[in-house]
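Chemist: Quick one: sequence and predicted model below, then my questions.
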Amino acid sequence: MASSPRARASALRVADCALIGAVAIDPSYAYLSQRGGTGWLRRLTDCSAGCVEAGRRPIGILGGVTRRYVIFGAGAIGGVMAALLDWAGLEVAVIARGAHLAAIRERGLTLRTPEGDATVRVPAAGSAGEIRWRDDDVAVLAVKSQDTDAAVHDLAVAAPPSLVVVCAQNGVANERAALRRFENTLGMLVICPATHLAPRVVEAESSPCPGVMDVGRFPGGVDTVAEEVAAALRAATFDSRAVPDVMRWKYAKLLSNLGNAVEAVCGPRVGEGELHKVVRGEGEAVLRAAGIAHASSAEDAARRGDLISIRPIEGRRRIGSSSWQSLARAAGSIEADYLNGEIVLLGRLHEVPAPANALLQRLANRMARERLLPGSMGEGEVLAALRA
C-alpha cells in the first residue's frame, strides 16, 4: 500500500480499468478499484498475467478461481493475512473467538499500517463447525502452537479430508499435528512484524512489503497447491515463494524465536544481549546433535534483504514479539513450550543440556499463567538464577 487506504479510495474509475496489463477486468468488479487504486490493481493484474504466461492458473477474482482461504486464528498474523487477501480479491473467512470475534462480526476487521487504517468485512465464525466447507478450501492455521491440537481436531470433525492445511505459525511441531489428520499439509515460513492487542484491530508494521511468507509441502517438496498459495500471497503484497525445503527455513526461524521468551520475561529493551546469545547457542548445539538442518544466518539475512522495513504506526513503533503480546493481552498461555521447549525436548532426546531454554520456558509459562506483565524480570535476575 503506497498511500493510505482512504486516499486510494475511488482513485480508479471503472471506465479506466477495462484493460490493465494483459488481463481484462469485468466492470462488475468495480469495488476492486476502491481497494487500492491504479497501482494496487496493476500489481494484481500483473500477477495474474504472470501466471498465465508461466502456464499456471491465475488466482483470485481476476483469474476466476474460487478457492477460499479460511484463516483459523485472526490474531496478529492471521488478521493481517485475512485483510490483505480480502483486498486482493480472494474469498476469505476467519475463525476467531471471544471479544475479538464479537467485534469483527459487529464492526469488521481493522488493519492498521504505517500508511493508514482500513476495515474489511469478512465472514467470521467461532469454530470450524460454523463453516460450510468446500472440497477445495484452504485452512490457514494462524493460532499459537499451544492451540494447534484443538484447532486441528475442530477442523477434522467439520472439514473434508481434502482440505489443504497451511501452518502459518512459529515452531516446528504444528505440521506433524496437522498431517495426522490432513494429507495436504503445508508449512509456511512467516517473517511478518505484526501486532494484535485489542479486539478486531491488527497492525502490520512493515511497509511497503508486509512480510515474507514462503510455503512448501510438509515434510518437503512443492506442488501446484503450494504454488497457488504463494501466488495468492504475492497478490496480497506479501513476498512469497514456493520452496521445497520449508522446514529447513522454519528451523532457522525457530532459532530466532528462542529470543521471544527473553523479550517476554525481561522486556524488549534487552535486545540480543547475553541471555539471548546463550539460548540461541544452546539451540544451535541441540540442532547439530539432532542432525537437523537449518538455513544459515547469512541465508536468512539474504532472504529478508530489504523487504522487512518496520515503520511507526500513528507515531508508535512496534513494541514486542508474539510472546510479549500474549503476556500484554493477559492471554493466559504462551508459546514457549513449542519454541524454547522444542529445544529442551530435542536436547533431552539427544543428551544435550539446554538449561537456559528450560528456565525461560518455565518462567514464561508461569508469567502467562499468573497473568504477569511482560518484562517483569531483569536479564541479570534470570542469568543469576541460571548460574545458581
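Modeler: Nice, thanks for sending it over.

Chemist: what ranges do the strands span in the chain?
Modeler: Along the chain, counting by DSSP state E, strands occupy 19-20, 23-24, 68-72, 91-95, 109-113, 116-120, 124-125, 138-141, 164-167, 185-191, 194-198, 201-204, 212-217.

Chemist: would you list those strands in a markdown table and tack on distance to Asp337?
Modeler: The way it works is simple: take the backbone N, C-alpha and C, and place the C-beta from them, glycine included. Written out in a markdown table, the entries for these read as follows (distance: least, C-beta to C-beta, whole Å):
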| stretch | distance to Asp337 |
| --- | --- |
| strand 19-20 | 48 |
| strand 23-24 | 46 |
| strand 68-72 | 20 |
| strand 91-95 | 22 |
| strand 109-113 | 29 |
| strand 116-120 | 33 |
| strand 124-125 | 27 |
| strand 138-141 | 17 |
| strand 164-167 | 16 |
| strand 185-191 | 19 |
| strand 194-198 | 20 |
| strand 201-204 | 24 |
| strand 212-217 | 24 |
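
Chemist: least reliable of those strands going by mean pLDDT?
Modeler: Mean pLDDT is lowest for strand 19-20 among the strands of the chain, at a mean of 19.

Chemist: Okay, domains of the protein per the record?
Modeler: 1-57, 66-239, 249-387 (automatic domain parsing).

Chemist: And the helices in the stretch 251-388 of the chain?
Modeler: Here the stretch 251-388 of the chain has its helices, by DSSP state H, counting those that start in this stretch, at 259-266, 274-290, 297-304, 322-328, 340-349, 355-369, 379-387.

Chemist: quick one, which of the ones you listed is packed in tightest?
Modeler: For the helices of the stretch 251-388 of the chain, ranked by mean neighbour count under the definition mean count of other C-beta atoms under 10 Å, the leader is helix 259-266 at a mean of 28.

Chemist: Return the alpha-carbon coordinates of that helix using CSV.
Modeler: Only the C-alpha atoms of helix 259-266 are listed here, as CSV (Å, rounded to 0.1, in the frame of the first residue of the first chain):
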residue,chain,number,x,y,z
GLY,A,259,14.6,-14.8,21.9
ASN,A,260,10.8,-14.4,22.2
ALA,A,261,10.8,-15.7,25.8
VAL,A,262,13.7,-13.5,26.6
GLU,A,263,11.8,-10.5,25.4
ALA,A,264,8.6,-11.6,27.2
VAL,A,265,10.2,-12.2,30.5
CYS,A,266,12.8,-9.4,30.5
